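Asker: Let me see the structure of the following:
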Amino acid sequence: MVEIVLIRHGETDWNKNEVFRGRADVELNETGLRQAELVGKHLSGEKIDLVYSSPLKRAVKTAEAVARFQKIGVNVVENLIDFDYGDWQGLTSAEVTEKYPELYQDWLDTPEQVRMPGGESLENVLNRAMPFVEDAVMRRGGGKIALVSHRVVLKVIICALLGLDNSHFWNIKLDNGAIARFTFEGQDVVLVSHNDTSYLKANKNGKLKDF
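Answerer: Okay, here's the model as predicted:
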């Protein structure tokens with residue numbers, strides 16, 4: 001049996017202020033660094049064989065906190081990089097609502113049909129992320145793998161593992177620093193836990209949010 005532990009990176013100021021991040025290499029803020037440390041400590045009691053991360057600093061820093069407790073390195077993987085928001089990158093949700101009212105509503109109503117101006121669609125994310133996930137699982141006869149990535153990427157992966165298409169994107173909630181777990185045994189894929197943030201209760205700095 002193989003278990004994968006999907007971890008969303010800790011908070012950045014852009015998360016806190018509801019700014020679309022995409023490929024912008026935004027650092028973790030103080031809260032995010034604390035969240036990363038708490039995630040690492042939480043997982044320190046179990047053996048993780050491999051840690052994969054998006055190349056963006058906010059994910060790498062979170063992955064490093066996990067890997068440090070395991071005394072292993074971090075494998076940086078381009079397939080796990082954040083969703084390319086294109087022209088939305090660097091804009092707040094309020095600015096996007098004002099500048100792209102119809103597209104923003106489409107994003108909320110039918111995300112599977114939206115391609116960001118100058119950026120990606122959820123189908124693009126699916127096509128680059130899932131082959132890597134499947135290959136990483138197939139290469140392991142057993143053990144545990146941690147994947148540290150971003151909200152959009154992880155939601156797309158979770159939908160795919162559950163057999164759901166991208167129209168269910170908004171049915172998945174994943175806060176900063178949250179963990180989701182799946183087990184793989186033969187053809188059976190089982191969701192074991194989702195959006196687990198119980199270990200972040202020691203972090204008193206603000207409310208968790210899915211943005």
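
Asker: Which helix runs longest in the chain?
Answerer: Secondary structure assigned by DSSP state H gives helix 122-138 as the longest helix of the chain.

Asker: buried set for that one?
Answerer: 122, 125-126, 128-130, 132-133, 136-137 (16 or more other C-beta atoms under 10 Å). No exception for glycine: its C-beta is placed from N, CA and C like everyone else's.

Asker: ditto for stretch 37-49
Answerer: Neighbour counts using 16+ other C-beta under 10 Å place 37-40, 42-43, 48 of stretch 37-49 among the buried residues.

Asker: how long is that stretch end to end?
Answerer: Across stretch 37-49, the terminal residues are separated by 19 Å (C-alpha to C-alpha, to the nearest Å).

Asker: element containing Lys61, please.
Answerer: Lys61 belongs to helix 57-70 when assigned by DSSP states H and E.

Asker: can you list the residues that contact that helix?
Answerer: 7, 9-10, 12, 21, 25-28, 32-33, 35-37, 39-41, 43-44, 47-48, 51-54, 73-74, 76, 80, 82, 146, 148-150, 177 (C-beta atoms under 8 Å, 6 or more residues apart in numbering).

Asker: Just the buried ones out of those, please.
Answerer: The neighbour-count test (16+ other C-beta under 10 Å) marks 7, 9-10, 12, 21, 26, 28, 32-33, 35-37, 39-40, 43, 48, 51-54, 74, 76, 80, 82, 146, 148-150, 177 as buried among the contacts of helix 57-70.

Asker: and the helix holding Lys61, which residues are buried?
Answerer: For helix 57-70, burial by neighbour count (16+ other C-beta under 10 Å) applies to 58-70.

Asker: Return the member of those residues nearest to Val96.
Answerer: Lowest distance from Val96 to the buried residues of helix 57-70 (C-beta to C-beta) belongs to Arg58, with 20.2 Å.

Asker: which residues touch the closest residue in space to that closest one that isn't next to it in sequence?
Answerer: Spatially, and ignoring its direct neighbours in sequence, Arg58 is nearest to His9 (4.5 Å; C-beta to C-beta, 6 or more residues apart in numbering). With contact set as C-beta under 8 Å, 6+ apart, His9 has these partners: 28, 32, 36, 54, 56, 58-59, 61-62, 148-150, 176-177.
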